[in-house]
Structures are given as C-alpha cells and as structure tokens.
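Asker: I would like to see how this sequence folds:
(chains A and B)
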Amino acid sequence: KNEVEQSPQNLTAQEGEFITINCSYSVGISALHWLQQHPGGGIVSLFMLSSGKKKHGRLIATINIQEKHSSLHITASHPRDSAVYICAVSPNYGGSQGNLIFGKGTKLSVKP
Amino acid sequence: DVKVTQSSRYLVKRTGEKVFLECVQDMDHENMFWYRQDPGLGLRLIYFSYDVKMKEKGDIPEGYSVSREKKERFSLILESASTNQTSMYLCASSLGGAAYEQYFGPGTRLTVT
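Answerer: Residues are numbered from 1 along each chain as shown, chains lettered A, B, ... in the order given. Prediction:
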C-alpha cells in the first residue's frame, strides 16, 4: 500500500468550477506539501502545512492531522490551472532529513 | 528567489555510457535531493545529501552514484547507463530538515538508447 494516496488520479473540469483534490497518508508527518507541475516538468511548491488551513489566491489547502487527510481546493478554476498536483509528506520518523514521500499526482485539465 | 538549475533539459545517451547530471542551487541550502519521475510511479528519491561530502541512499539508488564536493552543487552519476534509466530526473534543495520547503529544478529528460 502506498504511504500517500491521492484521488482522483485524473480530473476534468469546466472553467469556473470548484475543484477538490484529496490526499490521505498513513505515516506520522512533520508537514504536508502540495506541489504543482506544469507540462514540461518544473515543480513548484504551493503550500506547506502542518495544521489547519492556508489560502493563496484561489487556492486553499486544509489538513486534518487526526484523520491523516488533506485537501487542495481551487475556486473559480481556469484553464491555466491545468497541471499535475502532487501531495507529499515529510515523515517524522527518526533519521528523516527532510525527505518527502510523494503521492502519484492528480492530473487536472480545466476546459474553457 | 531561490534558483535551482540543472545542466541540461534534454539528454540522449547510449547504453553503457557514463552520464553526469549536474544541479546547482544559489541559496546556500544544506539539503539537496535527486529524484526520478516515471509515469504511474510518481517521484522517487534516488539519493540525497545533507552536507558537503555527505550522502544518503534513497529508495532507488541502484545504478546511480552522487557527488557533493561543494555546498551549491550536487551531481548524479549513472556509471553505465541502461535503457531502464530513461526517465525525467529532478533535483531539489531545501534549507534543512522536514519543516522546510523543497525547491525544484526544471528537470532533465534523459533518454538512453
């Protein structure tokens, strides 16, 4: 079983729709990261959170530590949001040096 | 702005060649990482380094080695490239341990023929 599971794997939405991507993990963590990867490869960090909720523009990330679950929401989606969204966790077991465990990603396509 | 650069965006090599992938960061970060990314498998850690000349194996180190002679530079070496090492290779750096973001380079798409 993967330590970090994302759903859905693929998501197609119409411009303007509210989008939710889910991430569940099975290990103890120091932090959870949401990353964005556009076609061509480059990965950027959207959020790093260890509790509660963070908001940046139209993006909102929440985490429930007790349930080991996080969600990434995109409000008023736009075609430029089309990308792969990757959930990753920083495990808190001994010897970790900031390593990340990655989910397999959610490919989002927003149609105009 | 943190900048992580990789020596090539695209690389084509022949089976058996020795391949060097270079990564440079300009923010004095302690930790540097090499990942490979394959469809359906996501990102997997090959090696990481938490200090100059220090290295630790990740999940899939077989067939790879690394070098960190200077703090800003982390090299991934494929001693004898094989076709199953065709992949996207991503370098990342972070300031320290688990509480810090990782900053990624643009990636190198390596094809081994």
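Asker: what pLDDT does B:Ala98 get?
Answerer: For B:Ala98, the model assigns a pLDDT of 64.
Asker: With A:Lys1 instead?
Answerer: On the pLDDT scale, A:Lys1 gets 61.
Asker: Low-confidence ranges, chain B, go.
Answerer: Applying pLDDT under 70 to chain B picks out residues B:1-2, B:97-99.
Asker: So which bits of it are right by chain A?
Answerer: B:9, B:31, B:33, B:40-45, B:48, B:50, B:56, B:58, B:88, B:90, B:92, B:94, B:96-107, B:109 (Cβ under 8 Å from any Cβ of the partner chain). The C-beta positions use only the backbone N, C-alpha and C, and glycine is treated the same way.
Asker: Of these, which belong to strands?
Answerer: B:31, B:33, B:42-45, B:48, B:50, B:56, B:88, B:90, B:92, B:94, B:103-104, B:109 (DSSP state E).
Asker: Which pair of these spans the longest distance?
Answerer: Taking Cβ to Cβ, the two most distant members of those are B:Tyr50 and B:Arg109; they sit 27.1 Å apart.
Asker: Pull out the buried residues from the ones in strands among the residues of chain B next to chain A.
Answerer: Taking 16 or more other Cβ atoms under 10 Å in any protein chain shown as the criterion, what is buried in these is B:31, B:33, B:42-45, B:48, B:50, B:88, B:90, B:92, B:94, B:103-104, B:109.
Asker: nearest to A:Val4, of the ones in strands among the residues of chain B next to chain A?
Answerer: Among those, and counting by Cβ to Cβ, the member closest to A:Val4 is B:Gly42, at 8.6 Å.
Asker: Hmm, A:Ile86 and that closest one touching each other?
Answerer: Yes. With contact defined as Cβ atoms under 8 Å, B:Gly42 reaches A:Ile86; the gap is 7.3 Å.
Asker: Please enumerate the shared neighbours of those two.
Answerer: A:Phe102, A:Gly103, A:Gly105 (Cβ atoms under 8 Å, 6 or more residues apart in numbering or on different chains).
Asker: what's stretch A:60-76 in contact with?
Answerer: A:16, A:18-26, A:29, A:32, A:34, A:46-47, A:49-55, A:58-59, A:81, A:85, A:87, A:108.
Asker: Please spell out which residues along that stretch are buried.
Answerer: A:Ile60, A:Ala61, A:Thr62, A:Ile63, A:Lys68, A:Ser70, A:Ser71, A:Leu72, A:His73, A:Ile74.
Asker: could I get that stretch in PDB with only the CA atoms?
Answerer: Extracted as PDB, the C-alpha positions of stretch A:60-76 are listed here (Å, rounded to 0.1, in the frame of the first residue of the first chain):
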ATOM      1  CA  ILE A  60      -6.900  26.700  -0.400                       C
ATOM      2  CA  ALA A  61      -5.200  23.800   1.400                       C
ATOM      3  CA  THR A  62      -6.600  22.100   4.500                       C
ATOM      4  CA  ILE A  63      -5.200  19.400   6.700                       C
ATOM      5  CA  ASN A  64      -6.800  17.100   9.400                       C
ATOM      6  CA  ILE A  65      -3.900  15.600  11.300                       C
ATOM      7  CA  GLN A  66      -6.100  13.200  13.300                       C
ATOM      8  CA  GLU A  67      -7.700  11.800  10.100                       C
ATOM      9  CA  LYS A  68      -4.400  11.900   8.200                       C
ATOM     10  CA  HIS A  69      -6.100  13.700   5.300                       C
ATOM     11  CA  SER A  70      -5.600  16.900   3.300                       C
ATOM     12  CA  SER A  71      -7.500  18.600   0.600                       C
ATOM     13  CA  LEU A  72      -6.500  21.100  -2.100                       C
ATOM     14  CA  HIS A  73      -9.300  23.300  -3.300                       C
ATOM     15  CA  ILE A  74      -9.300  25.600  -6.400                       C
ATOM     16  CA  THR A  75     -12.000  28.100  -6.600                       C
ATOM     17  CA  ALA A  76     -13.200  29.600  -9.900                       C
END
